[in-house]
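Curious how this folds, go ahead:
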Amino acid sequence: MEQTQPPQIKHVAIAGNIGAGKTTLCTQLGKHFNWDVHYESTENNPYLSDFYLDMRRWSFNLQIYFLNNRYQQILKILQGDTTVVQDRTIYEDAYIFAPNLHDMGLMSTRDFQNYFDLFKTMSSQIQPPDLLIYLRANIPTLVAHIQSRGREYEGNMSLDYLKRLNERYEAWIETYNEGRLLIINADDIDFIQKPEDLGNVINMVGAELHGLF
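Residues are numbered from 1 along each chain as shown. Okay, here's the model as predicted:
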């Protein structure tokens with residue numbers, strides 16, 4: 001009798017608030033497991049700096065850009081034959097950032113409903129990640145990371161904005177049932193300066209991946 005091969009893990013995604021350490025962890029995991037890395041497109045994003053100067057004017061444009069970009073990434077992952085680790089997920093755009101902008105009065109109800117309908121159509125055409133890693137971090141950790149990387153456009157960000165996002169992240173993760181989930185507390189680890197911390201995270205990820213087979 002022929003043995004069936006275990007399904008290949010194609011898509012690992014890292015979720016977390018601004019400054020949680022997603023990009024760094026993506027890079028480290030990509031290096032260790034020999035995965036391709038799909039970073040969030042912040043450097044060449046044509047809306048981001050405008051958005052931070054005038055959120056109400058540019059919120060819908062920015063969210064559509066992110067949604068489209070993330071959707072394209074997922075299609076490439078599913079069509080490809082390598083394992084990819086993705087910096088932020090399509091779910092975070094739809095369940096955290098867009099509704100937060102709507103609640104803050106920075107995106108109109110009409111725009112938000114249009115946006116969310118588009119997300120629902122897109123998400124019905126794709127599969128969730130094989131493994132979702134959530135980097136949980138409190139506000140002081142996020143602020144320290146944001147300040148240390150010194151991105152000019154992030155300088156205007158308020159603590160209230162970060163706090164609102166964190167509350168939404170926690171609510172989303174509590175109900176996440178799309179697939180396997182690993183929660184890592186970013187307040188207690190430093191995977192840049194401490195090799196043993198990185199080793200522990202790699203072991204945790206490895207254990208989750210073995211559980212997928």
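
Which parts of the chain are helices?
Ranges of helices within the chain are 22-33, 48-53, 55-79, 90-92, 98-103, 109-123, 139-149, 159-175, 195-211, based on DSSP state H.

Pull out the buried positions in the first one.
Right, helix 22-33. Lys22, Thr23, Thr24, Leu25, Cys26, Thr27, Gln28, Leu29, Gly30 (16 or more other C-beta atoms under 10 Å). Where C-beta positions appear, they are placed from N, C-alpha and C, glycine not excepted.

and the residue nearest the centre of the chain, backbone torsions?
Closest to where the C-alpha atoms of the chain average out (C-alpha atoms, centre = their mean) is Arg88, at 1.7 Å. Backbone torsions of Arg88, given as degrees, to the nearest 10, read phi 70, psi 150.

Would you mind measuring from it to Arg168?
From Arg88 across to Arg168, the span is 14 Å (C-beta to C-beta, to the nearest Å).

wait, what's in contact with Gln73?
By C-beta atoms under 8 Å, 6 or more residues apart in numbering, the contact list for Gln73 reads His38, Val84, Gln86.

I figured the second one hits Lys10, correct?
Yes. With contact defined as C-beta atoms under 8 Å, Val84 and Lys10 form a contacting pair (6.7 Å).

When these two are compared, which one has more neighbours?
Counted by other C-beta atoms under 10 Å, Val84 and Lys10 do not tie: Val84 has more neighbours, with 22 against 17.

any idea how far that one is from Asn100?
27 Å.

Show me which residues of stretch 194-204 are buried.
For stretch 194-204, by 16+ other C-beta under 10 Å, it's Leu198, Val201.

ok, residues contacting that stretch?
Leu25, Gln28, Leu29, His32, Leu182, Ile184, Ile189, Asp190, Phe191.

who touches the fourth one in this structure?
Taking C-beta under 8 Å, 6+ apart as the contact definition, His32 lies against Ile202.

next one: the first one
Contacts were defined as C-beta under 8 Å, 6+ apart; by that measure Leu25 touches Ile14, Ile133, Leu135, Phe191, Val201.

Pick out the lowest-pLDDT one from those residues.
In terms of pLDDT, the lowest of those is Phe191, showing 70.

was I right about that one contacting Cys26?
No. Between Phe191 and Cys26 there is no contact under C-beta under 8 Å: 10.9 Å.

which residue sits closest to Tyr47, ignoring its sequence neighbours?
Leu62 (4.2 Å; C-beta to C-beta, 6 or more residues apart in numbering).

Can you report how many residues lie near that neighbour?
Neighbours of Leu62 using other C-beta under 10 Å come to 23.

how close does it sit to Lys163?
20 Å.

can you check Thr141 too?
In terms of C-beta to C-beta, Thr141 sits 13 Å off from Lys163.

More neighbours: the two, which one.
Each of Thr141 and Lys163 has its neighbours counted (other C-beta under 10 Å); Thr141 has more, 19 against 14.

give me the low-pLDDT residue ranges for this protein?
1-7, 41-42, 149-157, 212-213 (pLDDT under 70).
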